[in-house]
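K.L.:
Need coordinates for the following:
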Amino acid sequence: MYKNLAAALAAACFFAPVFAQTPATTKAHAAPVKAGFVYVSPITEAGWTRQHDEGRKAVEAALGSQVQTTFVENVPEGADAERVIRDLAATGHQIIFTPSFGYMEPTLKVAQDYPNVKFESITGYKTAPNVASANARYYEGRYLAGIAAGRMSQTGVAGYVAGFPIPEVLQGINAFALGMRSVNPQATVKVVWLNVWFDPPKERDAAMALFNQDVDVIAFHTGSTAVMAAAQERGKMAVAYHSDMRRTGPDAQIVAVTHQWGSYYTERVRAVQNGSWKSGNVWGGVREGMIRVGDFGSRVPVAVQKEVLAAQKAVGAGRLHPFRAGKAAVRDNAGQEVIPAGQTLSDLQILQMNWLAEGVQGKLPR
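P.N.:
So this is what the prediction gives:
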């Protein structure tokens, strides 16, 4: 499935790359670690790329003159990505972060030619001696946001603007639906597929179409603030993703699922600095501090906020798992049992997810 998606994902963004460098003052006795970052979209005020750039800034704040960072934004997945990654490797960068699924293969290809450079494939799943991979358990935050949406929705109908039908996105949709239905068993989720990660006009149009179908609360897995802005414009509610988006939707935002990359990025750059860097695969969530739910909007009652935060603590402690069935089995939206009663999906099953949960309307694009 992933191999077939590579071509589709390569077209997900189409911006011209822009280089920017933020030098730090070097110490006389030690050259700074040069760290490169490749971004799939522009750095906007909120969203996927913004959170990774916040991670880069956290590295600078933590390491000061011991690090020099370079970032390249607006890099399409595919041949352009390989060219940019290769250029960073050729210009002395000792560690390069490539946070987009479609960067995985270009990263691996360049890594073969630069064995002394360390690479971090963020959202990728393949590794090599000098390529590590890392991702976050976004679905944990989605489930918690679903609880908030289930409590706040008056119609019981939520919308979901989605990029591509890959397992990571399906995990989020299903967890969100299960979270909603944990507090409102009759809740439904309507999904619109865009087949693009970042296209603000297209994201906005999808949100508006959903609002015309009894949707009063909306979530999204795309890269801009367009869905939040649409919710604000229509007087609806929305779940922010990647970043806190209250500046865009001061009245619309009910909660945000935010990604926290600073600690991981700092740890990996420091490992290059002290010679302890090793390849590996990290999949962190609430427990590891990589996913956080909060930033509640003013319309969310204190009782709902407390309920969501209590559930977040339970997730972090391992007492609550979004894909654990209770006394009844979890079924997909075609009626087939996908999680037996009392059972929890394994990580492998979650990573290979290819179904839509009961309550989610529609079929997977094939």
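
K.L.:
the helices in the stretch 51-200 of the chain, which residues?
P.N.:
79-90, 104-113, 138-152, 167-183, 200-211 (DSSP state H, counting those that start in this stretch).

K.L.:
any chance of these in a markdown table, with mean neighbour count and mean pLDDT too?
P.N.:
Yep, even glycine has a C-beta here, placed from its N, CA and C like the rest. Formatted as a markdown table, those follow (neighbours: other C-beta atoms under 10 Å; pLDDT from 0 to 100):
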| stretch | mean neighbour count | mean pLDDT |
| --- | --- | --- |
| helix 79-90 | 19 | 96 |
| helix 104-113 | 20 | 97 |
| helix 138-152 | 27 | 98 |
| helix 167-183 | 24 | 97 |
| helix 200-211 | 20 | 97 |
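
K.L.:
Minimum distance to residue 327: which of these has it?
P.N.:
helix 167-183 (13.1 Å; C-beta to C-beta).

K.L.:
Could you point out which of the helices of the stretch 51-200 of the chain sits nearest residue 249?
P.N.:
helix 200-211 (11.1 Å).

K.L.:
so who does residue 113 touch?
P.N.:
86, 89 (C-beta atoms under 8 Å, 6 or more residues apart in numbering).

K.L.:
hmm, 10 Å instead?
P.N.:
Taking C-beta atoms under 10 Å, 6 or more residues apart in numbering, we find residue 113 in contact with 86, 89-90.

K.L.:
swap in residue 206?
P.N.:
159-162, 191-194, 199, 218, 220, 222, 226-227, 230.

K.L.:
what's the answer for residue 190, then?
P.N.:
157-161, 209-210, 213-215, 218, 360-362.

K.L.:
Which pLDDT value goes with it?
P.N.:
Residue 190 carries a pLDDT score of 98 in this model.

K.L.:
before we move on, the earlier item: any idea which of the contacts of residue 206 is the one closest to residue 57?
P.N.:
Closest to residue 57, out of all of the contacts of residue 206 and judged by C-beta to C-beta, is residue 222, at 23.1 Å.

K.L.:
hmm, back to that, compare the helices of the stretch 51-200 of the chain and give me the one nearest residue 326.
P.N.:
That would be helix 167-183 among those, by C-beta to C-beta, at 9.1 Å.

K.L.:
So residue 365, which state does it fall into?
P.N.:
coil (DSSP: H, G, I helix; E, B strand; the rest coil).

K.L.:
my guess is it meets residue 165, correct?
P.N.:
Yes: here residue 365 lies in contact with residue 165, judged by C-beta atoms under 10 Å, at a distance of 5.4 Å.

K.L.:
more neighbours, the two?
P.N.:
residue 165 (20 against 10; other C-beta atoms under 10 Å).

K.L.:
Pretty sure that one sits against residue 356.
P.N.:
Yes: with contact defined as C-beta under 10 Å, residue 165 reaches residue 356; the gap is 9.2 Å.

K.L.:
Show me whatever sits in contact with both of the two.
P.N.:
In terms of C-beta under 10 Å, 6+ apart, residue 165 and residue 356 are both contacted by the residues 173, 191, 363-364.

K.L.:
What average pLDDT does stretch 38-58 get?
P.N.:
Here the average pLDDT along stretch 38-58 is 92.

K.L.:
Would you mark the buried spots in stretch 119-132?
P.N.:
By neighbour count with 16 or more other C-beta atoms under 10 Å, stretch 119-132 contains the buried residues 119-124, 127, 130-132.

K.L.:
Find the pair from those with maximum spatial separation.
P.N.:
Top of the distance list for the buried residues of stretch 119-132 (C-beta to C-beta): 123 and 130, 18.2 Å.

K.L.:
residues near residue 158, how many?
P.N.:
Counted with other C-beta under 10 Å, residue 158 comes out at 32.

K.L.:
Quick check, it in contact with residue 231.
P.N.:
No: between residue 158 and residue 231 there is no contact under C-beta under 10 Å: 11.5 Å.

K.L.:
which residues are common contacts for the two?
P.N.:
With C-beta under 10 Å, 6+ apart, residue 158 and residue 231 have common neighbours 210, 215-218, 237-239.

K.L.:
Leaving out the residues flanking it, which one is nearest to residue 349?
P.N.:
Among residues not flanking residue 349 along the chain, residue 323 sits closest, at 7.9 Å (C-beta to C-beta, 6 or more residues apart in numbering).

K.L.:
The one you found: how many residues sit nearby?
P.N.:
So residue 323, with other C-beta under 10 Å, has 23 neighbours.

K.L.:
picking that back up, of all the helices of the stretch 51-200 of the chain, which one comes closest to residue 273?
P.N.:
helix 79-90 (17.6 Å).

K.L.:
now the closest one and helix 104-113, what's the angle there?
P.N.:
Angle, helix 79-90 to helix 104-113, by axes from the mean of the first three to the mean of the last three C-alpha atoms, to 10 degrees: 30 degrees.

K.L.:
who are the neighbours of helix 79-90, in terms of helices and strands?
P.N.:
Applying 3 or more C-beta pairs under 10 Å, 6 or more residues apart in numbering; DSSP states H and E, we find helix 79-90 packed against helix 2-10, strand 18-22, strand 33-38, strand 67-73, strand 95-99, helix 104-113, strand 118-122.

K.L.:
and these, which is most packed in?
P.N.:
Mean neighbour counts were taken over the helices and strands packed on helix 79-90 using mean count of other C-beta atoms under 10 Å, and the top value, a mean of 29, falls to strand 95-99.

K.L.:
And the residue lying closest to residue 201 once chain neighbours are set aside, how close does it get to residue 259?
P.N.:
Once flanking residues are discounted, residue 201 sits nearest to residue 226: 7.3 Å by C-beta to C-beta, 6+ apart. Residue 226 is 18 Å from residue 259, where distance means C-beta to C-beta, to the nearest Å.
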